[in-house]
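Peer 1: show me the folded form of this:
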Amino acid sequence: MGGKQSGSVAWRLGPLLPALAALLSACSGSGQQAGTTIQISGSSTVFPIIERAVEAYRGTEQGKGVQVELSEVGTSGGLRQFCAGEIPIANASRPISSKELKACEANGVTFIELPLAFDALTVVVNQGNSLATAISTEELARTWNQEAQGKISRWNQINGSWPDQPLKLCAPGSDSGTFDYFNEAINGDKANARTDVQSSEDDNVLVRCVAGDSNAMGYFGFAYYQANTERLKALAIAGADGVAVLPSVKSAQLGTYKPLSRPLFVYVNDQQMRANDAIRSFVGFAVGNGLHFVDEAGYIPLPADTYRIVESKLYRHILGTSFGGDLPVGLGIGEALRRSFDDTRKPEFR
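Peer 2: Numbers count the residues shown, from 1 in each chain. You can find the predicted model right below:
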């Protein structure tokens, strides 16, 4: 997929790149200590990307003697740990929230926000479901919002042309960034969600939930659908224009898959990274090889040259979030990147 990237950031780092490369090389070979442990927690959506980065890093010279502990507790769970200063790196399938920003500030945690990939959040049904092929955002809201609880329990209540069969719903838990994003995009509020569903912060559990019941519907990250296409079927999403679009790398890159496209992030504690060369080395390695890891994990890579700009945020210690604590819905890759990298253009970082 690396050769087929569409879109790009309209400016370049120019002469800065050689300096960044030299800094990365210097940092990756200095200050490593046997027995160093790096803890990473958070989004199960981002987990497959970072898992691949961890596996590759262990085989490098700079990774020798460094232990990386990776867990998936959901974006909200990971950012709680992160803003408490308990972990140096958090994976997130949404930007940091205003509540989390306040927690970080209260605990003196400053951070760098690194966009790593793009996701086409995917609504899926069992492969044996032959009738449901597309669903509108209105029908999704009718199915998943709080008012549907205890009321919408059969397929024909969503769409009259669908069968009078029991409906089983499989959804991320409330600590999941996917839960937050889906409900904000579809129901208008991340708290507007029914609770009479089977839920988990582990997307593999949700895959099994839908794959094991012909009457099930669920939603999670694109990579988990991609890895299970023999058991799951993705529904095309029809937005306000009525045009149903399937999730794909191309539709996410072109901005036609709305409103369920979203950026994915890694958050790094700046103080802990400055004090620990192993953290800097690992994050630099993950970002520097990001296109490969994201592609391998089945998500949508950023444009190839953009990973150099992500490195610039890391090595120039550009702190804070570009999203102001908001949950942006429906941003295309171009707009999300412009917002993410706007701070790198300020005079103090040139």
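Peer 1: can you give me the pLDDT of the nearest residue to D326 once chain neighbours are set aside?
Peer 2: Nearest residue to D326, sequence neighbours excluded (Cβ to Cβ, 6 or more residues apart in numbering): P95, at 7.2 Å. Backbone N, C-alpha and C define where each C-beta goes, glycine included. Each residue has a pLDDT score; the one for P95 is 94.
Peer 1: quick one: which helix or strand includes P95?
Peer 2: Assigned by DSSP states H and E, P95 falls within no helix or strand.
Peer 1: was I right about it contacting F323?
Peer 2: Yes. Contact status for P95 versus F323: in contact at 3.8 Å, counting by Cβ atoms under 8 Å.
Peer 1: what touches both of the two?
Peer 2: Common neighbours of P95 and F323 are listed as E113 (criterion: Cβ atoms under 8 Å, 6 or more residues apart in numbering).
Peer 1: show me the shaky parts of the stretch 1-150 of the chain.
Peer 2: 1-35 (pLDDT under 70).
Peer 1: just the helices in it please.
Peer 2: 16-28, 47-58, 75-83, 98-106, 137-144 (DSSP state H, counting those that start in this stretch).
Peer 1: what angle sits between the second one and helix 75-83?
Peer 2: Per axes from the mean of the first three to the mean of the last three Cα atoms, to 10 degrees, the angle that helix 47-58 makes with helix 75-83 is 50 degrees.
Peer 1: pull the CA atoms of helix 47-58 into PDB?
Peer 2: Presented in PDB, the C-alpha positions along helix 47-58 are these (Å, rounded to 0.1, in the frame of the first residue of the first chain):
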ATOM      1  CA  PHE A  47      -2.700  -2.600  19.700                       C
ATOM      2  CA  PRO A  48      -1.900  -4.600  16.500                       C
ATOM      3  CA  ILE A  49       0.200  -1.800  15.100                       C
ATOM      4  CA  ILE A  50       2.300  -1.400  18.300                       C
ATOM      5  CA  GLU A  51       2.500  -5.100  18.800                       C
ATOM      6  CA  ARG A  52       4.300  -5.400  15.400                       C
ATOM      7  CA  ALA A  53       6.600  -2.500  16.400                       C
ATOM      8  CA  VAL A  54       7.500  -4.200  19.700                       C
ATOM      9  CA  GLU A  55       8.200  -7.500  17.900                       C
ATOM     10  CA  ALA A  56      10.500  -5.800  15.400                       C
ATOM     11  CA  TYR A  57      12.200  -3.600  18.000                       C
ATOM     12  CA  ARG A  58      13.200  -6.700  20.100                       C
END
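Peer 1: next one: that helix to chain centre, how far?
Peer 2: 15 Å (Cα atoms, centre = their mean, to the nearest Å).
Peer 1: flag every buried residue along that helix.
Peer 2: Buried residues in helix 47-58, counting neighbours by 16 or more other Cβ atoms under 10 Å, are found at 47-54, 56-57.
Peer 1: related to what we said a few turns ago, compare P95 and F323 (neighbour count), which wins?
Peer 2: Between P95 and F323, counted using other Cβ atoms under 10 Å, P95 has the larger neighbour count: 28 against 21.
Peer 1: show me what contacts that one?
Peer 2: 113, 263, 265, 321-323, 325-328.
Peer 1: again, 7 Å this time
Peer 2: 265, 321, 323, 327-328 (Cβ atoms under 7 Å, 6 or more residues apart in numbering).
Peer 1: quick one: which of those residues has the most company?
Peer 2: Neighbour max across these (other Cβ under 10 Å) = F265, 25 neighbours.
Peer 1: how close does that one sit to F111?
Peer 2: 10 Å (Cβ to Cβ, to the nearest Å).
Peer 1: could you do S248 as well?
Peer 2: Applying Cβ to Cβ to S248 and F111 gives a distance of 32 Å.
Peer 1: quick one, which of the two is more surrounded?
Peer 2: More crowded of S248 and F111, by other Cβ under 10 Å: F111, with 24 against 17.
Peer 1: which one is that one nearest to, not counting chain neighbours?
Peer 2: Y267 (5.1 Å).
Peer 1: C-alpha coordinates for stretch 82-98, CSV please?
Peer 2: The C-alpha trace of stretch 82-98 is given here as CSV (Å, rounded to 0.1, in the frame of the first residue of the first chain):
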residue,chain,number,x,y,z
PHE,A,82,-1.1,7.9,31.3
CYS,A,83,-2.4,11.1,32.8
ALA,A,84,-1.7,9.7,36.3
GLY,A,85,1.9,9.3,35.3
GLU,A,86,1.8,5.5,35.6
ILE,A,87,2.9,4.7,32.1
PRO,A,88,5.0,6.5,29.5
ILE,A,89,3.1,5.6,26.4
ALA,A,90,-0.6,5.3,25.7
ASN,A,91,-2.3,4.0,22.5
ALA,A,92,-5.5,5.9,21.6
SER,A,93,-8.2,5.5,18.9
ARG,A,94,-9.4,9.0,19.5
PRO,A,95,-7.8,12.3,20.6
ILE,A,96,-7.3,13.0,24.3
SER,A,97,-10.4,14.5,25.9
SER,A,98,-10.8,17.7,27.9
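Peer 1: so for that stretch, what gets flagged as buried?
Peer 2: 82-83, 87-97.
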